[in-house]
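Student: show me how the following folds:
(chains A and B)
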Amino acid sequence: MPAYSAPAIEARWQAAWDEAGCFRAKADPEKPKYYVLEMFPYPSGRIHMGHVRNYTMGDVVARHRRATGHAVLHPMGWDAFGLPAENAAMASGGHPKDWTYANIADMRGQMKPLGFSIDWSREFATCDPEYYGQQQALFLDMLDAGLVTRRAAVVNWDPVEMTVLANEQVVDGKGWRSGAEVERRELTQWFFKISDMAGDLLDALEGLDDWPSKVKLMQANWIGRSRGLELSFALTTPAPGFDAIPVYTTRPDTLLGASFVAVSPDHPLAKALSERNPEIAAYCEEARKGGTTEEAIETAEKTGIDTGLRVRHPLDPSWELPVWIANFILMDYGTGAIFGCPAHDGRDLDFARKYRLPVVSTFVPVEGEHVRPEEGAEAFVPQKSEPVRYVKLFAGEEVQSGDAGVEAAIAFAEGLGWGKGVTRYRLRDWLLSRQRYWGCPIPVIHCEACGAVPVPRDQLPVRLPEDVTFDRPGNPLDRHPSWGKVPCPSCGGEARRETDTMDTFVDSSWYYARFTAPQSATPTDLDEAAYWMNVDQYIGGIEHAILHLLYSRFFARAMVKTGHLPAAACEPFDALFTQGMVTHEIYQTRDANGRPVYHFPEEVEGGTLKATGESVEVIPSAKMSKSKKNVVDPVGIVATYGADTARWFVLSDSPPERDVEWTAAGAEAAFRHLGRVWRLAHEAAASEAPANPAADAALERARHKVIAEVSGGIESFGFNAAIAKLYGFTNALAKSEAGAEAKVRAARTLVQLMAPMTPHLAEELWTLLGGVGLCAQAPWPKADPAMLIEDSMTLPIQVNGKRRGEISVPRDLAVQEIERLALEAVAKSLEGAPPKKVIVVPGRIVNVVA
RNA sequence: GCCGGUGUGGCGGAAUGGUAGACGCAGCGGAUUCAAAAUCCGCCGGGGCAACCCCCCGUGAAGGUUCGAGUCCUUUCACCGGCACCA
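Tutor: The predicted model follows:
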């Protein structure tokens, strides 16, 4: 028997699959179709274990579906635009294009040896002009359909580099390279009008039965539908151009607890006041420092400035409230102005305490002790569904839920005409402009006479110029000598190209549709899209739960609206699975100054550095990252153990939705197990043992059971559980005294069930065990239901919920008889006392209440 | 700060409200071997007991619902993901 050696077999079977064209996606009217897609990778240049895990899961699904008679589409591509390519160009002087395509070639070379059943003929990169040209066509159609708009938006501005920064380039409120304090600055930008679809995007979540409920919940909270009141506070102090401040509130029932009105530093009123009042201007400038992220704004210390203006309370003409400008009010949400009710909002309370503004409770709990916020307690913010007792009431009942209070307040305000109930969404329009080079150019030409004019479709794609340099900060498109100078398509006069490129989320919002016809001369081919869409199973990281998935759902709707997808594809992903990360321990020593120094796992052995013998500190597992050096290179693992071991390991130890910790011992164990299967298969193939009726029947029973368990495990994404069952069946086969024929049959089933996870090993042993053709093309085994039924079973007996014995009974024994046997079995524990009650859960358990 | 998730032996983890710890790793004992590697067999949550039986404790912490809770509810702690220009 030859020893198990992956290098000897894996390349050979990959060639055999290629030659047979096993993985070419072919429409077949005789078969149900199945489209399985994993989120495509960013071409960083190296694949990592997270990729291996993600694509292995998709591959298991794809291979299993092929075996169960589906026409399968399983494509791969590259999410190839983005910042890292420009950063690399700045750091080492190359060109983003060269860097990106070289990385793609490297990564493809690292991926192919893993044996994924991918239809590589459909591969594309989003930076291919053939792809982004179609994206420009889509953009123009969306522009025509009224789905695109242009207006001002706030960006991170680095005042030293004079350039826009991405959020990740802002560290502690400062530019990552210049170290200068970042400012929030307004720029005119392009938007997709996703907020027009907010209601539909929210309501349609309900129909996504095969999405994780946590993802649907996160999306629902992100879209954030709220019912509230829009009202205006009339100014009692004159202000130029303003006689009132419109405010939106989701808690109009707390209006009698209002103690101030506050506007965003970006509010028109704040801007107007800044022009006349240097103190206010200075405050607004200060408040605009720091990054644009919601996190930065929410966690910053709350500050404000009293404008000196006063407004009248709508419920009491004699009641005046001060108007503040405050840094925690977002201009993007509602009207950019609020009324503060410190008693029932934590942020307002912090603000009120800091600036000694009044705190007035409007409701208290219905019962129980309650310390009011005005007496020093925390803000009282119960769930809106919870009933509370109103102590400052102007509408509805004294005791009512917050929801009822809100509705009563809205009805009251509408009745008197000083406010109106509105439904608002937290979801903002999708800002798609980026002031960067390495992205899809926005196909628009700006003409002084004609405005923003679409590039004529016959001039697409608008290609990125290649003669650009990255020796300075800022967008090379802006400073390119000739690229931007074009005649206006409308009047022929002098005009300029738009130099903004598209957010890379645009690229990944429709690639799933492009895979159905990747060479089409239009964005999609409707026949192909109608056949292959929707994606039956989408697999990727939980970090994409909100933005990528929401944008893709929006794009699918936009593509339906512009005629690029059939109506049925408006929800592009039928089923979604979010997998966990691959983690690893971190090995750290310290340099002379006590700063941490990280070491790669392969440099460490037995808690010490191989090179110097210095002992390392082991930090618990975290997501693999280059900076912490806790990465394991799949290429090395494949070279040492083979692709099958890597694939088996990433699926075996953890449930797929959870993180998995890569350990050298675990990889070793996976390899040993594959070797064991290898030996058992060879032993079975060489066996001449005569039939052994009892053992043969037992093994056959176990064979049917494992078919049922593994099939169910794969279908429900219980890959780790399926693998545990395969371990169990391997043990059963090893111990079995069955004859040669039964053992060969069992071994053949074993390798076939393993084939989705370890396809190369499976092919080799399939052939050895007399399997016909390629295992990759063999039909999936079926379990005989009759073989799955056990004749007798063990029932545990509890007394007061604690296990005190067990009985073995025929599976269809009458309940009375089970009860009698159960009482007999636990007679000792009952000490002669008659039981109060006996609960028999047929087929499960008996509980005696003593 | 806000939204979402996770927490079970030395470790990764299993368990439709029904025998907690399947399966694997590590460890321990044994077989095989001149020896080792490889392989095979057995044991393996904590405590009590001479001991199989048996008894007590045990699923981050504290309460609750239930005949019965790792699982459901409330509070709380820790860690992870997202927060709109990282992908």
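
Student: regarding chain A, what is its longest strand?
Tutor: Looking across chain A with DSSP state E, the single longest strand is strand A:225-239.

Student: near RNA strand B, anything from it?
Tutor: No. Taking C-beta under 7 Å from any atom of the strand as the criterion, strand A:225-239 and RNA strand B are apart, separated by no less than 12.0 Å. C-beta here means a position set from N, CA and C on the backbone, and glycine is covered the same way.

Student: put the alpha carbons of that strand into CSV.
Tutor: This file holds the C-alpha atoms of strand A:225-239, laid out as CSV (Å, rounded to 0.1, in the frame of the first residue of the first chain):
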residue,chain,number,x,y,z
ARG,A,225,-38.0,53.7,10.2
SER,A,226,-39.4,56.0,12.8
ARG,A,227,-42.7,57.7,13.4
GLY,A,228,-42.4,61.2,14.8
LEU,A,229,-43.5,64.8,14.8
GLU,A,230,-42.2,67.6,12.7
LEU,A,231,-42.8,71.0,14.3
SER,A,232,-41.4,74.4,14.3
PHE,A,233,-40.2,76.5,17.2
ALA,A,234,-40.9,80.1,16.5
LEU,A,235,-38.0,82.5,17.2
THR,A,236,-38.8,85.3,19.7
THR,A,237,-35.4,86.9,19.0
PRO,A,238,-34.8,88.2,15.6
ALA,A,239,-32.3,86.3,13.4
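
Student: so the closest residue to A:Gln459 other than its chain neighbours: helix, strand or coil?
Tutor: Spatial nearest neighbour of A:Gln459, excluding adjacent residues (C-beta to C-beta, 6 or more residues apart in numbering): A:Pro489 at 7.7 Å. Here A:Pro489 is coil, with the state taken from DSSP: H, G, I helix; E, B strand; the rest coil.

Student: OK, contacts around A:Lys725?
Tutor: Neighbouring residues of A:Lys725 by C-beta atoms under 8 Å, 6 or more residues apart in numbering: A:Val706, A:Glu709, A:Val710, A:Gly713.

Student: which stretch of helix or strand covers the nearest residue to the first one once chain neighbours are set aside?
Tutor: On the basis of C-beta to C-beta, 6+ apart, the spatially nearest residue to A:Val706 that is not a chain neighbour turns out to be A:Phe729, at 4.1 Å. Here A:Phe729 sits within helix A:719-735, counting by DSSP states H and E.

Student: please identify which of the contacts of A:Lys725 is nearest to RNA strand B.
Tutor: Using C-beta to the nearest atom of the strand, A:Gly713 comes nearest to RNA strand B of the contacts of A:Lys725, at 9.0 Å.

Student: do a quick rundown of the strands in the stretch 651-800 of chain A.
Tutor: Using DSSP state E, counting those that start in this stretch, the strands of the stretch 651-800 of chain A run over residues A:660-661, A:792-799.

Student: name every strand pairing with the shortest one and say which way it goes.
Tutor: It refers to strand A:660-661. Partners of strand A:660-661 in the sheet, by DSSP bridges, are strand A:582-590 (parallel).

Student: can you list the domain ranges for chain A.
Tutor: A:35-120+A:506-579, A:138-220+A:429-504, A:225-425, A:582-623, A:664-787, A:792-849 (the TED database).

Student: out of those, which comes closest to A:Gly642?
Tutor: Among the domains of chain A, domain A:664-787 comes nearest to A:Gly642, with 7.3 Å by C-beta to C-beta.

Student: residues from the stretch 201-350 of chain A in reach of RNA strand B?
Tutor: Contact residues (C-beta under 7 Å from any atom of the strand) of the stretch 201-350 of chain A with RNA strand B: A:213-214, A:217-218, A:221-222, A:292-295, A:298-299, A:332, A:346-347.

Student: from these, which ones fall inside helices?
Tutor: If you go by DSSP state H, those have A:Ser213, A:Lys214, A:Leu217, A:Met218, A:Asn221, A:Trp222, A:Glu294, A:Glu295, A:Glu298, A:Thr299, A:Gly346, A:Arg347 in helices.

Student: of these, buried ones?
Tutor: Buried subset of those (neighbour count, 16 or more other C-beta atoms under 10 Å): A:Met218, A:Trp222, A:Arg347.

Student: give me the neighbour count for the closest residue to A:Asp253 other than its chain neighbours.
Tutor: Of all residues not flanking A:Asp253 in the chain, A:Gly405 sits nearest, at 3.4 Å (C-beta to C-beta, 6+ apart). Neighbour count of A:Gly405, defined by other C-beta atoms under 10 Å: 26.

Student: same check on A:Leu357?
Tutor: Other residues lying near A:Leu357 total 19 when counted by other C-beta under 10 Å.

Student: which of the strands of the stretch 651-800 of chain A has the lowest mean pLDDT?
Tutor: When the strands of the stretch 651-800 of chain A are compared by mean pLDDT, strand A:660-661 comes last with a mean of 72.

Student: can you tell me how far the nearest residue to A:Ser121 once chain neighbours are set aside sits from A:Tyr531?
Tutor: Nearest-residue entry for A:Ser121: A:Arg24, 6.6 Å, with adjacent residues in sequence omitted and distances by C-beta to C-beta, 6+ apart. Distance of A:Arg24 to A:Tyr531, computed by C-beta to C-beta, to the nearest Å: 15 Å.
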